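Undergrad: got a sequence here, can you model it:
(chains A, B, C and D)
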Protein chains: 2
Amino acid sequence: MAKKVKADTDVSTEEKIKEAARKVFSKKGYAATRTRDIAEAADINLALLNYYFRSKEKLFEIVMLEKMQKYFGVLIPILNNATTTLENKVESIASKYIDLILENPELPLFVLSELRNNPEHFVRLTQKTDFLTNSEFIKQMQKKRPDIHPLHFFVSLLGMCLFPFLMRPVLQKLTNMKDKTFNEMMLERKRLIPVWTKAMLKAK
Amino acid sequence: MAKKVKADTDVSTEEKIKEAARKVFSKKGYAATRTRDIAEAADINLALLNYYFRSKEKLFEIVMLEKMQKYFGVLIPILNNATTTLENKVESIASKYIDLILENPELPLFVLSELRNNPEHFVRLTQKTDFLTNSEFIKQMQKKRPDIHPLHFFVSLLGMCLFPFLMRPVLQKLTNMKDKTFNEMMLERKRLIPVWTKAMLKAK
DNA sequence: TTATTTTTTAATCAAATGATTAAATTATTT
DNA sequence: AAATAATTTAATCATTTGATTAAAAAATAA
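TA: Residues are numbered from 1 along each chain as shown, chains lettered A, B, ... in the order given. Purely as a prediction, here's the structure:
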């Protein structure tokens, strides 16, 4: 209630905690994160975390929801745009998603692994359960290749965008790849993915 | 020391613990797993876990190493087979990997997310750091498409095999997909991935 | 200024959790 | 059978960790 009355002047502390929480949760996952880690990263007293957010779980839910919105916020408008071609959409998805993840490299693994343990956190975003199934994108896929389940293409497309980031540590270790090289390759992918997808859609 | 002397008659308890550990660790991850969870799943007294494996971490390392070996054990021999064509290899990888993961659906997310938090666990397997870079597979890719970094194809190939399992909960929730349908689609992929890869390699 | 409200701190609690110990039980050896 | 070794159990420790509380400090309102 204290918080509500003020609500503007001193956002800094609350936001500092959220920012630290984003960082620590994303890096270590919910279970491995201690509220003390967050407090330290935010350079605040531990009690403040509970003062502002009531509990670790509440704070996590806020961070998680934001991350999920980032994840789907990029996707939904593109999928349902009735004025673009299938190729346009593939280009947009590859480009926007890769940019998004380059700025939040831990996003995919964070979201997917937290979803495994806490499917409940996912519920809120899934009430509109048809944004994918009824999307323009899926319809266009279906029209082009009625013989193959459109989700096959959808999953492959997302996989080509996201999977490199998921296996990034393995890949870099295995090939002595520098961060710079990895990032360059991901930018290259923006061009490659549409070409590949087109070829896949044609392939018999 | 007690363990060493016997070592054969009563493997059952030790193996029961390992089996339970595999299950619980895979499902919840290291940090979220309590040794009591494992003890309960194995139907043994908690102290036995420490009697046989000294610590949670030691037990985890054993489980992790096994999982990693599964992961790479399938891959390495295929990649380095000098007697098979590129197409053969792609077919083998898709087929073997999808079968492997169908039997261990939590394997990819488990390995990738634990690797994020404990890169050390990865060290042992990475001493031979060249099994990928110097592989026959990479050479064949390079010969076919010298204009594109061969890792682009490698990552895409693995992504097409593994990513569907990583996003499985999201996908099923979003499309009301039944387990059976998902599994059928994954089997279908064994056929699709080689076709797609071939098309991608040709695409300009 | 004085009073009131909001924010921050230090100390502490209670529960969870990994680990240990000493004793009891079971199996093996002599 | 007796002695020794291996396995299992119940009880307990010590630490970690999320959360609370009461008091101090700072900000705001009167």
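Undergrad: low-confidence ranges, chain A, go.
TA: A:1-11, A:120-128 (pLDDT under 70).
Undergrad: again, only using 50
TA: Along chain A, the parts satisfying pLDDT under 50 run over A:1-10.
Undergrad: now the nearest residue to A:V195 once chain neighbours are set aside: how far from B:S156?
TA: Excluding its sequence neighbours, the residue lying closest to A:V195 (C-beta to C-beta, 6 or more residues apart in numbering or on different chains) is B:A203, at 5.1 Å. (C-beta placed from N, C-alpha, C; glycine too.) Computed as C-beta to C-beta, to the nearest Å, the B:A203 to B:S156 distance reads 12 Å.
Undergrad: and what of A:F154?
TA: 15 Å.
Undergrad: if we can go back for a sec, identify the contacts common to B:A203 and B:S156.
TA: Common contacts of B:A203 and B:S156, defined by C-beta atoms under 8 Å, 6 or more residues apart in numbering or on different chains, comprise A:W196.
Undergrad: secondary structure element for the residue positioned nearest the centre of chain A?
TA: Chain A has A:Y71 as the residue nearest its centroid, 3.5 Å off, counting by C-alpha atoms, centre = their mean. For A:Y71, the enclosing helix or strand under DSSP states H and E is helix A:56-79.
Undergrad: off-centre distance for that helix?
TA: 7 Å (C-alpha atoms, centre = their mean, to the nearest Å).
Undergrad: how many residues are close by the residue nearest to A:V195?
TA: 18 (other C-beta atoms under 10 Å in any protein chain shown).
Undergrad: now swap in A:E87 and tell me
TA: A:E87 - counted by other C-beta under 10 Å - has 13 other residues nearby.
Undergrad: CA atoms only for the helix or strand harbouring it, dumped as CSV, please.
TA: In this assignment (DSSP H and E), A:E87 forms part of helix A:86-103. Extracted C-alpha coordinates of helix A:86-103, given in CSV (Å, rounded to 0.1, in the frame of the first residue of the first chain):
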residue,chain,number,x,y,z
LEU,A,86,4.3,-16.3,-46.6
GLU,A,87,7.8,-15.3,-47.6
ASN,A,88,7.4,-11.9,-46.0
LYS,A,89,6.4,-13.6,-42.8
VAL,A,90,9.3,-16.0,-42.8
GLU,A,91,11.7,-13.1,-43.4
SER,A,92,10.1,-11.0,-40.6
ILE,A,93,10.2,-13.8,-38.1
ALA,A,94,13.8,-14.7,-38.8
SER,A,95,14.9,-11.1,-38.7
LYS,A,96,13.0,-10.0,-35.6
TYR,A,97,13.5,-13.1,-33.6
ILE,A,98,17.2,-13.3,-34.2
ASP,A,99,17.5,-9.6,-33.2
LEU,A,100,15.4,-10.1,-30.2
ILE,A,101,17.5,-13.1,-29.0
LEU,A,102,20.8,-11.4,-29.8
GLU,A,103,19.7,-8.8,-27.2
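Undergrad: any part of the helix holding A:Y71 near chain B?
TA: No: Helix A:56-79 is not in contact with chain B by C-beta under 8 Å from any C-beta of the partner chain; minimum separation 9.1 Å.
Undergrad: one step back: leaving out chain neighbours, which residue sits closest to the residue nearest to the centre of chain A?
TA: Going by C-beta to C-beta, 6+ apart, A:Y71 has A:V111 as its nearest residue, at 5.7 Å.
Undergrad: next one: phi and psi at the one you found?
TA: phi -60, psi -50 (degrees, to the nearest 10).
Undergrad: just A:E136 next, same as before
TA: Dihedral angles (degrees, to the nearest 10) for A:E136: phi -50, psi -40.
Undergrad: what's the spacing between it and DNA strand C?
TA: 46 Å (C-beta to the nearest atom of the strand, to the nearest Å).
Undergrad: quick one on the thing from earlier: ok, and what's touching the helix holding A:Y71?
TA: Looking at helix A:56-79 with C-beta under 8 Å, 6+ apart, the contacting residues turn out to be A:17-18, A:21-22, A:25-26, A:30, A:33, A:35, A:38, A:49, A:53, A:84, A:89, A:92-93, A:96-97, A:100, A:104, A:107, A:110-111, A:114, A:121-122, A:124-125, A:131-132, A:135-138.
Undergrad: ok, back up a step: what is the burial count for the residue nearest to A:Y71?
TA: For A:V111, using other C-beta under 10 Å, the count is 23.
Undergrad: over to A:E15?
TA: Neighbours of A:E15 under the rule other C-beta under 10 Å: 12.
Undergrad: looking at it, A:K204 is touching B:K198, isn't it?
TA: No: assessed by C-beta atoms under 8 Å, A:K204 is found out of contact with B:K198, at 10.7 Å.
Undergrad: looking at the two, which one has more neighbours?
TA: B:K198 (16 against 6).
Undergrad: so the more buried one makes contact with A:A203?
TA: Yes: the pair B:K198 / A:A203 is scored as a contact, 7.0 Å apart, by C-beta under 8 Å.
Undergrad: where do the helices sit along chain A?
TA: A:2-6, A:11-28, A:35-42, A:46-53, A:56-79, A:86-103, A:107-117, A:120-123, A:136-144, A:150-166, A:168-175, A:179-202 (DSSP state H).
Undergrad: can you pull out the residues in contact with the last one?
TA: So the one you mean is helix A:179-202. A:86-87, A:90-91, A:94-95, A:98, A:101-102, A:141, A:144-145, A:153, A:156-157, A:160-161, A:164-165, A:168, A:171-172, B:148-149, B:151-152, B:156, B:196, B:199-200, B:202-204.
Undergrad: go with 7 Å
TA: If you take C-beta atoms under 7 Å, 6 or more residues apart in numbering or on different chains as the criterion, helix A:179-202 is touched by A:87, A:90-91, A:94-95, A:98, A:102, A:144-145, A:153, A:156-157, A:160-161, A:164, A:168, A:172, B:149, B:152, B:196, B:199-200, B:202-203.
Undergrad: got a PyMOL select line for the buried ones in those?
TA: Burial among the contacts of helix A:179-202 is assessed by 16 or more other C-beta atoms under 10 Å in any protein chain shown; the matching PyMOL selection reads:
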select buried, (chain A and resi 90+91+94+95+98+145+153+156+157+160+161+164+168) or (chain B and resi 149+152+196+199+200+203)
